[in-house]
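1. the sequence and its predicted three-dimensional model are supplied below.
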Amino acid sequence: QVQLVESGGGLVQAGGSLRLSCAASGLTFTSSAMGWFRQAPGKEREFVATISWSGGGTYYADSVSGRFTISRDNAKNTLYLQMNSLKPEDTAVYYCAARRSYYARADSEYAYWGQGTQVTVSS
């Protein structure tokens, strides 16, 4: 079965950096578009970034554009999210997701989800 396992979350001060990873198994990673989403307490899950199967196409939410970078290593079946200049409002559980098609922003477009990793940014 498909498994997506996130790691790399933690507690960081504002202005700091973190890199999240998502290890994928049970799917053809090289045919899958991937995405990162996040959910803060009391809020709906929101789109963060997405990347095409080749890595040649990426798209970001306005709130993270210029600070976050999504990338993938198809040889390792792993997705990454480099997060720089973190802000307290970036505090959330971060989820990776996969779909067998073009990259997309809507969470309803994704069939597979990880369990999430907590990111907490202190002020």
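-> Received it, and whenever you're ready, just let me know what you need.
2. how about the strands in this structure?
-> Counting by DSSP state E, the chain has these strands, from start to end: 3-7, 10-13, 18-25, 33-39, 46-51, 58-60, 68-73, 78-83, 92-99, 112-113, 117-122.
3. who wins for proximity to Arg105 among those strands?
-> Of all the strands of the chain, the one in closest proximity to Arg105, counting by CB to CB, is strand 46-51 (4.7 Å). C-beta here means a position set from N, CA and C on the backbone, and glycine is covered the same way.
4. tell me which other helices or strands the closest one touches.
-> Counting by 3 or more CB pairs under 8 Å, 6 or more residues apart in numbering; DSSP states H and E, the packing neighbours recorded for strand 46-51 are strand 33-39, strand 58-60, strand 68-73, strand 78-83.
5. where does pLDDT dip in this protein?
-> For the chain, applying pLDDT under 70 flags no range at all.
6. tell me the bridge partners for the spatially most central residue of it.
-> When the chain is reduced to its mean C-alpha position, the closest residue under CA atoms, centre = their mean turns out to be Trp36, at 2.4 Å. Beta-bridge pairing for Trp36 (DSSP bridges): Ala49, Cys96.
7. I'd like the distance between the nearest residue to Asn84 once chain neighbours are set aside and Tyr110.
-> Distance criterion CB to CB, 6 or more residues apart in numbering; nearest residue to Asn84, sequence neighbours excluded, is Ser17 at 4.7 Å. With the distance defined as CB to CB, to the nearest Å, Ser17 ends up 26 Å from Tyr110.
8. neighbour count: the two, which is higher?
-> Per other CB atoms under 10 Å, whichever of Ser17 and Tyr110 has more neighbours is Tyr110, with 22 against 11.
9. which residues does the more buried one contact?
-> The neighbours of Tyr110, taking CB atoms under 8 Å, 6 or more residues apart in numbering as the test, are Gly35, Ala97, Ala98, Arg99, Ala104.
10. from those, pick the one nearest Phe68.
-> When the contacts of Tyr110 are compared for distance to Phe68, the smallest value, 12.3 Å, is given by Gly35; criterion: CB to CB.
11. brilliant, that's me finished.
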